[in-house]
Each structure stands twice: as C-alpha cells, then as structure tokens.
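> how would this look folded up:
(one chain, ligands or ions: 1)
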Amino acid sequence: MQPPRGLPYPTQVTSAELIDVLWRDYVAKAPQAEEIRSVLTGRGEILCNDHVALRTFALPGIGGCALARPFETLGWRPRERYEFPRGVRARAWRHDDPALPGILISELAVDALSPRAQAVIDALIDQLPEGFGARSDLAWAGRPWRMRYTDYQLLRAESGYAAWVAAFGFLVNHFTVDAGALSTFPDLTALGAFLVEHGFALDDTAGGGFAGPRAEQIERAATRPDPIAVEFADATVRIPSCHYELVRRHPLPSGELFTGFVAASAGGAA
Ligand code: NI
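The predicted structure follows:
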C-alpha cells in the first residue's frame with residue numbers, strides 16, 4: 001500500500017491517525033515490523049508503542065524543530081534533551097494521552113563530520129526544493145535528493161547515522177514495542193527468544209541493552225534492519241533500512257517508571 005503523502009494539518013488528522021500514517025510509511029520500508037506485530041497480536045498481545053524515532057540533519061529548515069511541528073500541533077509537548085555520542089543530539093516529545101507514543105527526534109551535527117562528508121551532505125541539501133522544510137508531511141516526505149552509492153559508502157564509513165538519513169531522507173527510523181505492556185512475556189529476553197524462534201534476527205550489537213548508570217532502568221533490544229533495494233544515481237543496492245525496537249522500562253527508586261532515553265549501544269541514538 002502506498003502511504004498517503006501530503007495530508008493536511010491539523011484539522012483533518014487526529015494524533016492516532018498521524019501515528020498510523022507514520023506506521024504505514026515505516027512498514028513499507030521495514031516489513032518485518034508488520035510481521036512481528038502480526039505474530040504478537042496472533043498470540044493475543046495488544047501492542048503499545050513506547051516511542052517513534054525520527055532522524056535528520058541539524059540544519060536550518062529541516063532540523064528537529066521542523067520535524068516536530070505536526071506533533072506539536074496535535075498536542076505533543078517538547079520535553080527533555082539528550083546528547084548522544086558522535087554528534088547526535090535529541091529531544092523527546094510527549095503527549096498528555098498516555099496511549100500515544102513518545103516522539104524522539106534526533107539530529108546529527110553535520111559539522112562534526114569530516115570536510116568530505118560535509119561536502120556530500122551539502123550537495124544533497126542544495127537539491128532541496130524551495131519550501132521543502134515547511135511541508136506538513138515532512139516527517140514522511142521520503143528522500144528529496146539524488147545521491148550516488150559511492151557517496152553513501154563514504155558517509156557510512158564515517159557515520160551510519162549520516163548514511164541512513166542520506167539514503168532514506170525523511171522517514172521513521174524505528175517504532176518501539178513497549179515490552180512492559182505485553183502480558184505473556186516475563187522479560188525482554190523471553191520476547192527476544194520468541195522473535196528469534198519465529199525467524200526474526202536480533203541485532204547483536206544492541207543485545208543486552210545498555211551499559212552505564214541507566215542500565216537498570218531501561219532494557220533495549222532491536223531487530224536487524226530489513227535490507228531493501230534503494231535506488232542510487234549509480235546503482236540500485238540493497239542496504240539496511242529500519243529496525244524494530246523493543247524496550248522495557250523499570251521503576252526508579254521513587255517507584256515511577258523511568259521515562260528517559262539513553263544512547264543505543266550501536267547506533268549513537270536511542
Ligand atoms: Ni529508540
């Protein structure tokens with residue numbers, strides 16, 4: 001199914017519909033997420049999304065603030081900021097309706113990259129149509145530039161984050177299953193084992209969650225991204241697209257659930 005593009009805001013879309021639009025756009029690139037949802041609902045689970053993650057370059061007009069606009073219009077409010085490794089900073093947006101997922105928007109400081117990588121990204125940005133950043137469907141507008149596979153490789157050698165944004169443009173990077181809201185899995189390990197049993201591959205580098213002081217408050221696992229064919233100017237190549245994330249949150253000493261984010265062990269952004 002082709003995801004709808006260019007939906008107007010705010011009057012004709014509800015918050016739940018916006019999340020649904022993003023989900024359909026995402027599973028077009030990451031069909032495993034739809035399959036996993038189907039396997040889990042087939043077992044009787046009702047899935048809750050912990051958060052939806054979006055990525056962009058920290059550049060005027062297309063940075064995190066631009067991506068946040070449709071969410072803010074629908075009631076998500078900006079909350080805490082994060083600094084992740086390798087030039088990535090992020091901010092969380094939350095909605096008063098607890099049934100709606102958090103939105104985690106991260107952006108890469110392009111000037112943290114080498115001059116060669118910056119030149120590649122500059123050449124992509126030069127192709128942006130007038131007014132692109134103001135599009136109401138910016139968060140799922142897709143890739144608005146042409147690029148060469150050799151440039152993708154150059155970026156990937158330096159920053160997987162930069163290469164992903166360059167190759168896919170504007171697209172949800174991942175949805176996240178709230179594993180604590182599932183009723184038939186005692187822990188994240190059991191959920192991971194169930195997915196592996198059903199033929200899904202987990203990302204080893206994400207396994208075991210996080211090191212550091214927050215490790216006791218949040219556990220994380222992720223599937224390996226689906227490889228999909230992407231058309232570059234010089235070749236069509238299968239490259240990793242989006243993963244599906246699994247998160248289990250634990251209580252703080254106060255008894256409240258930890259709601260924050262910590263850097264993914266591999267990706268440099270949660
Ligand atoms: Ni995440």
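
> now do the nearest residue to K29 once chain neighbours are set aside against L252, distance only.
The shortest distance from K29 to any residue other than its chain neighbours is 4.4 Å, reached at S241 (C-beta to C-beta, 6 or more residues apart in numbering). For the C-beta atoms, the positions are set from N, CA and C on the backbone; glycine is no exception. Applying C-beta to C-beta, to the nearest Å, one obtains 34 Å for the distance of S241 from L252.

> distance of A193 relative to V39?
For A193, the distance to V39 - C-beta to C-beta - is 13 Å.

> brain fart, S241
Applying C-beta to C-beta, the value for S241 to V39 is 19 Å.

> which residues touch A163?
Residues in contact with A163 (C-beta atoms under 8 Å, 6 or more residues apart in numbering) are 152-153, 155-156.

> and with 7 Å instead?
152, 155-156 (C-beta atoms under 7 Å, 6 or more residues apart in numbering).

> mind giving me the PyMOL command for buried ones among those residues?
Buried members of the contacts of A163, identified by 16 or more other C-beta atoms under 10 Å, are gathered into one PyMOL selection as follows:
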select buried, resi 152+155+156
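
> quick one: which of the contacts of A163 is nearest G75?
When those are compared for distance to G75 (C-beta to C-beta), L155 comes out closest, at 35.3 Å.

> show the pLDDT at the closest one.
For L155, the pLDDT comes out at 98.

> check G180 too.
Reported pLDDT at G180 in the predicted model: 93.

> tell me where this structure has strands.
Remark: strands of the chain, listed N- to C-terminal, are 49-57, 77-84, 88-94, 102-108, 172-178, 218-222, 227-231, 236-240, 245-249; assignment by DSSP state E.

> if we can go back for a sec, in JSON lines: the contacts of A163, plus distance to D187.
What follows is those, written out as JSON lines (distance: C-beta to C-beta, whole Å):
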{"residue": "Y152", "distance to D187": "37"}
{"residue": "L155", "distance to D187": "37"}
{"residue": "R156", "distance to D187": "34"}
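
> reformat the contacts of A163 as TSV; add distance to the ion.
Converted to TSV, the contacts of A163 look like this (distance: C-beta to the ion, whole Å):
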residue	distance to the ion
Y152	23
L155	21
R156	20
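
> quick one, phi/psi of the nearest residue to E216 once chain neighbours are set aside?
Leaving out its chain neighbours, the residue that sits closest to E216 by C-beta to C-beta, 6+ apart is H250, at 6.3 Å. Backbone dihedrals for H250, given as degrees, to the nearest 10, come out at phi -120, psi 160.

> cool, A58 as well?
Here is the backbone geometry of A58 (degrees, to the nearest 10): phi -80, psi 80.

> list the contacts of the closest residue to A235 other than its chain neighbours.
Sequence neighbours aside, Y149 is the residue nearest to A235 in space, at 4.5 Å (criterion: C-beta to C-beta, 6+ apart). For Y149, the set of contacting residues under the criterion of C-beta under 7 Å, 6+ apart consists of 232, 234-235, 237.
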